[in-house]
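# Show me how the following folds:
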Amino acid sequence: MTIYSRSTIIFSIFLFWFGVQTVSAQLWFEVEAGLPFVGYNEVRVPNSGTPFDFEDDFALDGLVVPVRLRASYTFKEKNEIIGLAAPLSVTYTGESPRDINFQNTTFEEGIMVDGLYKFNSFRLTYRRQLVKKENWWFSLGFTAKIRDARIRLRTGEASDFKNDVGFVPLLHIYTGYQSGKWSFLLEGDGLAGGPGRAFDVFAGAGYHIKDDWQIRLGYRIVEGGADIEEVFNFALIQFAALSVNYSLPLRKTSTAGVQN
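Now for the predicted structure:
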């Protein structure tokens with residue numbers, strides 16, 4: 001079973017348990033697609049290896065349109081639990097600009113190389129609304145993030161890679177302003193310190209098509225990486241992001257079920 005499948009099952013059970021325990025609550029679901037623009041993607045594996053930048057030294061191999069899935073559970077009005085699955089894979093190709101010592105392999109100058117940068121992110125966030133004044137709100141929380149990353153170089157005769165699966169704690173903020181059917185939003189996870197940093201921030205506008213449907217359009221920036229003995233990697237990816245949101249109010253019934 002993949003990390004994606006395990007995360008989905010665990011989060012679904014978690015939401016159901018809260019649904020049968022809470023008098024009033026709300027679910028919402030979001031699907032987001034983005035057109036990415038990579039600013040830099042600097043790599044050394046290990047840290048003492050040959051430095052290269054996927055963006056400067058190679059070319060993108062095909063169009064990348066990542067899709068992010070989110071589900072949120074709001075309970076007792078001000079509390080919210082959010083689950084996110086954000087897979088991302090970018091492939092590159094081109095001639096090696098120099099001899100690249102990568103992991104345990106040397107990729108010689110001039111040879112054709114296929115590259116892969118994968119950074120899948122799975123997160124569980126808790127946030128609480130601290131301020132609600134007329135049409136403006138502010139929430140603060142924290143995020144538990146699991147990263148599933150891989151960097152790979154491959155030729156017709158050789159292949160090497162570096163995997164990195166780990167836990168990252170992040171701070172979370174969410175603020176916005178509502179004006180009729182329009183809303184203006186700023187939302188993000190982030191933390192910096194020690195050998196690395198991680199930021200994922202969205203700024204944009206939303207429009208309520210109906211009471212329970214909303215579309216959002218905006219700008220997302222994902223930046224971060226790590227500088228440790230095994231690997232050096234920092235990447236900046238920007239997105240033109242479009243999402244669709246659907247909300248579902250819940251209420252407790254006389255049995256253990258939940259109805260719309």
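# just the helices in the protein please.
For the chain, the helices defined by DSSP state H cover 3-21, 54-57.
# Lowest average confidence across those, which one?
Lowest mean pLDDT within the helices of the chain: helix 3-21, a mean of 48.
# Contacts only, for the nearest residue to Phe232 once chain neighbours are set aside.
In space, and not counting its chain neighbours, Phe232 is closest to Arg44: 4.0 Å by Cβ to Cβ, 6 or more residues apart in numbering. C-beta here means a position set from N, CA and C on the backbone, and glycine is covered the same way. Counting by Cβ atoms under 8 Å, 6 or more residues apart in numbering, Arg44 makes contact with Thr50, Pro51, Phe52, Val231, Phe232, Asn233.
# Which single one of these is nearest to Thr125?
Nearest to Thr125 out of the contacts of Arg44 is Asn233 (Cβ to Cβ; 24.2 Å).
# So what pairs up with the residue nearest in space to the middle of the chain in the strands?
Centroid check for the chain by Cα atoms, centre = their mean gives Ala86 as the closest residue, at 4.3 Å. Listed by DSSP bridges, the beta-bridge partners for Ala86 are Ser121.
# hmm, back to that, what's the pLDDT at the residue nearest to Phe232?
Taking Arg44 on its own, its pLDDT is 97.
# Below-threshold pLDDT in the chain: ranges please.
Where the chain drops to pLDDT under 70, the residues are 1-24, 251-260.
# before we move on, the earlier item: can you select the buried ones from the contacts of Arg44 in PyMOL?
Entered in PyMOL, the line below selects the buried ones among the contacts of Arg44, by 16 or more other Cβ atoms under 10 Å:
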select buried, resi 52+231+232+233
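# Just the closest of the contacts of Arg44 to Gly94, please.
Taking the contacts of Arg44 together and measuring to Gly94 by Cβ to Cβ, the closest member is Phe52, at 10.6 Å.
# From Leu69, how far off is the closest one?
32 Å (Cβ to Cβ, to the nearest Å).
# Repeat that for Val45.
In this structure, Val45 and Leu69 are 30 Å apart, going by Cβ to Cβ.
# The two - which one has more neighbours?
Set Val45 next to Leu69 and count neighbours by other Cβ atoms under 10 Å: Val45 wins out with 26 against 15.
# Hmm, Phe102 and the more buried one touching each other?
Yes. Here Val45 reaches Phe102: they are 5.4 Å apart, a contact under Cβ atoms under 8 Å.
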